[in-house]
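Asks: requesting a structural model of the entry that follows:
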Amino acid sequence: MADFTGDEMAIAESFLLRRLRDFAGFRYSLKQGGWYPWELPGVNVKTSPPQPGSASAPLNNCCTFVEGLLVKSWHDAVGERLQWSPKRHGQMMITAAADIFSPVTAVIEAGMAVPEESTSAPPPPWTLIQGWRSRQPLTGGHTFILVAQHGGKVLTLESNNHYSLDGVGFRGLGNAESFPDFSPPAEWWLREEVWDWEKIRTTYPHHRLARLKVTQLQWRV
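Replies: All right, here's what the predicted structure looks like:
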């Protein structure tokens, strides 16, 4: 397993956990979910912090959530060492048919991650996954992050409107804002509704992985 100690592009997990809180109140929409809680460096994005008492919630989707969380957290931690751009934004949105795994490509090229091989064993914590349920035709794409694992069970962080989610949270458990400190419940791996790695990789048989350069892990079991 790679050790990112001393890597100038590595960041502490605390940067990500702090920014996760900014997604409170966001809900999921595949087509209209193009909103972010804050501006991002190098690109123009729509920002809409949740407004107390507002009748309509800001919307995001799997791609905008992952881009927002990662780019803002990395920029907080490393500043201008992170070079983000409209090209990288387009990769996160999978706008080029030539690379259907472009979110993985983007974070590797930006220095935020290293490639991770897919095996029968769960990947390390904070692994970005771009998966597809079918390639012919291309359907069922999803961008999400495996943030912890235990005994084959995996904790995923994602924006979705399935698996007890409507917005940002943990698959099978619920929106992150439903839990104290936006953290997963204790012994989450004992919950039947939490998926194991085998189910993830067979549900999305076409997938690529990138291990994010995250250190000082707090959620690791």
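Asks: any idea of the mean pLDDT for the longest helix anywhere in the chain?
Replies: Longest helix in the chain, counting residues (DSSP state H): helix 62-78. Averaged over helix 62-78, pLDDT sits at 98.
Asks: how far off centre is that helix?
Replies: Here helix 62-78 is found 9 Å from its chain centre; the criterion is CA atoms, centre = their mean, to the nearest Å.
Asks: which other residues reach the helix or strand following that helix?
Replies: Counting by DSSP states H and E, the next helix or strand C-terminal to helix 62-78 is helix 86-92. Residues from elsewhere that reach helix 86-92, judged by CB atoms under 8 Å, 6 or more residues apart in numbering: 40, 42-43, 45, 63-64, 66-67, 96, 99, 102-103, 105-106, 109-110, 143. To be clear about C-beta, it is placed using only N, CA and C from the backbone, and glycine gets the same treatment.
Asks: and the helix or strand following helix 86-92, what other elements does it pack with?
Replies: Under the assignment DSSP H and E, the closest C-terminal helix or strand after helix 86-92 is helix 102-109. Here helix 102-109 touches helix 62-78, helix 86-92, strand 113-116, strand 127-132, strand 206-212, going by 3 or more CB pairs under 8 Å, 6 or more residues apart in numbering; DSSP states H and E.
Asks: tell me the mean pLDDT for the third one?
Replies: So that's strand 113-116. pLDDT averaged over strand 113-116 gives 98.
Asks: please identify the buried residues of it?
Replies: 113, 116 (16 or more other CB atoms under 10 Å).
Asks: roughly how far is it from the heart of the chain?
Replies: For strand 113-116 - counting by CA atoms, centre = their mean - the centre lies 14 Å from the chain centre.
Asks: restrict that strand to CA atoms and write it as CSV.
Replies: C-alpha atoms of strand 113-116 as CSV (Å, rounded to 0.1, in the frame of the first residue of the first chain):
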residue,chain,number,x,y,z
ALA,A,113,-4.4,10.2,-6.6
VAL,A,114,-2.5,7.2,-8.0
PRO,A,115,-4.0,4.4,-10.0
GLU,A,116,-5.3,1.5,-8.0
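Asks: please name every helix or strand in contact with it.
Replies: By 3+ CB pairs under 8 Å, 6+ apart, strand 113-116 packs against helix 102-109, strand 206-212.
Asks: how about these in CSV, adding mean pLDDT and mean neighbour count?
Replies: As requested, the helices and strands packed on strand 113-116 are arranged in CSV below (pLDDT from 0 to 100; neighbours: other CB atoms under 10 Å):
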stretch, mean pLDDT, mean neighbour count
helix 102-109, 98, 23
strand 206-212, 98, 21
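Asks: just checking, residue 213 touches residue 11?
Replies: Yes. Residue 213 is within contact range of residue 11, at 6.8 Å (criterion: CB atoms under 8 Å).
Asks: re the thing from before, mind checking which of the contacts of helix 86-92 are buried?
Replies: 40, 43, 45, 63-64, 66-67, 102-103, 105-106, 110, 143.
Asks: take these and write them to JSON lines, including distance to residue 83.
Replies: Shown next, in JSON lines, are the buried ones among the contacts of helix 86-92 (distance: CB to CB, whole Å):
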{"residue": "40", "distance to residue 83": "12"}
{"residue": "43", "distance to residue 83": "12"}
{"residue": "45", "distance to residue 83": "17"}
{"residue": "63", "distance to residue 83": "20"}
{"residue": "64", "distance to residue 83": "20"}
{"residue": "66", "distance to residue 83": "18"}
{"residue": "67", "distance to residue 83": "14"}
{"residue": "102", "distance to residue 83": "16"}
{"residue": "103", "distance to residue 83": "16"}
{"residue": "105", "distance to residue 83": "15"}
{"residue": "106", "distance to residue 83": "11"}
{"residue": "110", "distance to residue 83": "7"}
{"residue": "143", "distance to residue 83": "21"}
